[in-house]
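Participant: The following comprises the amino acid sequence and a computationally predicted model.
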Amino acid sequence: MTLEERLVADLREAAKKGDATRRSALRLVLAEKQNAEKAKGAPLDESAVMDVLAREVRQHRESITEFTRGNRQDLADKEQAELAVLLEYMPEQMSREEVVAAARQVIEQVGARGPGDKGKVMSQLMSQVKGKADGREVSDAVTELLSQL
C-alpha cells in the first residue's frame with residue numbers, strides 16, 4: 001500500500017469514527033498533495049508525497065512555536081494533536097547522535113575544511129537523511145561540527 005493510499009484509507013476510517021483531529025490533519029495533507037500535483041501537472045511519486053508530508057510537519061512545528069509565543073495554548077494544543085497524527089506517517093526520526101554521526105561521515109567524504117564548506121556537506125547529507133531528520137537540526141549539527149575544524 002502506498003503512502004497516498006494509506007492516507008486516503010485512514011481518512012475514511014477517521015471520518016467513520018468521527019475523529020475530527022485525524023480527519024482534519026489527513027485532509028490537509030491530501031489537499032496539499034493535490035495542490036502540488038496541480039502545480040507540477042502530473043501525479044506525485046512516493047518521494048514527493050513524503051516531501052508534502054514533511055512540509056506539513058514542519059509547518060505544524062512552526063505554528064506550535066508561534067501559538068505558544070502568542071499565548072494561544074488552545075491553538076498550540078490543536079496543532080500538537082494534528083502533528084502527532086502526521087508523525088505516524090513519517091519514517092522513524094533520527095536521534096541527534098545519529099544525525100551527528102552521519103554529518104561527520106559526510107564531512108570526511110567531501111573533505112570539508114571549515115564553515116565555508118557547509119553547502120557541500122548539507123547537499124549530500126540532506127539527500128541521505130531526507131524525511132528522517134529535521135533540516136534545522138541537521139543544519140545545527142553541521143554548523144557545530146564545521147566550526148570545530
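Facilitator: Received it, and whenever you're ready, just let me know what you need. In this text, all values refer to a predicted model and were calculated from it rather than measured experimentally.
Participant: what residue lies at the spatial centre of the protein?
Facilitator: Here the mean C-alpha position of the chain is nearest to the C-alpha of residue 54 (CA atoms, centre = their mean), at a distance of 2.9 Å.
Participant: how far away is it from residue 115?
Facilitator: As defined by CB to CB, to the nearest Å, residue 54 lies at a distance of 26 Å from residue 115. All C-beta atoms are positioned from the backbone trio N, CA, C, and that covers glycine.
Participant: any idea which element residue 56 lies in?
Facilitator: When elements are defined using DSSP states H and E, residue 56 is found to belong to helix 46-69.
Participant: er, residue 21 actually
Facilitator: helix 20-40.
Participant: With residue 82 instead?
Facilitator: Secondary-structure assignment from DSSP H and E places residue 82 in helix 73-87.
Participant: Quick one: mean pLDDT over that helix.
Facilitator: Per-residue pLDDT values over helix 73-87 give a mean of 94.
Participant: Output that helix as PDB, nothing but the C-alphas.
Facilitator: Listed in PDB are the C-alpha atoms of helix 73-87, where the atom choice follows Å, rounded to 0.1, in the frame of the first residue of the first chain:
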ATOM      1  CA  GLN A  73      -2.300  27.500  24.100                       C
ATOM      2  CA  ASP A  74      -5.600  26.300  22.700                       C
ATOM      3  CA  LEU A  75      -4.400  26.600  19.100                       C
ATOM      4  CA  ALA A  76      -1.000  25.200  20.000                       C
ATOM      5  CA  ASP A  77      -2.700  22.100  21.500                       C
ATOM      6  CA  LYS A  78      -4.700  21.600  18.300                       C
ATOM      7  CA  GLU A  79      -1.600  21.900  16.200                       C
ATOM      8  CA  GLN A  80       0.200  19.500  18.500                       C
ATOM      9  CA  ALA A  81      -2.600  16.900  18.200                       C
ATOM     10  CA  GLU A  82      -2.500  17.200  14.400                       C
ATOM     11  CA  LEU A  83       1.300  16.900  14.400                       C
ATOM     12  CA  ALA A  84       1.100  13.700  16.300                       C
ATOM     13  CA  VAL A  85      -1.200  12.300  13.600                       C
ATOM     14  CA  LEU A  86       1.200  13.400  10.800                       C
ATOM     15  CA  LEU A  87       4.200  11.900  12.500                       C
END
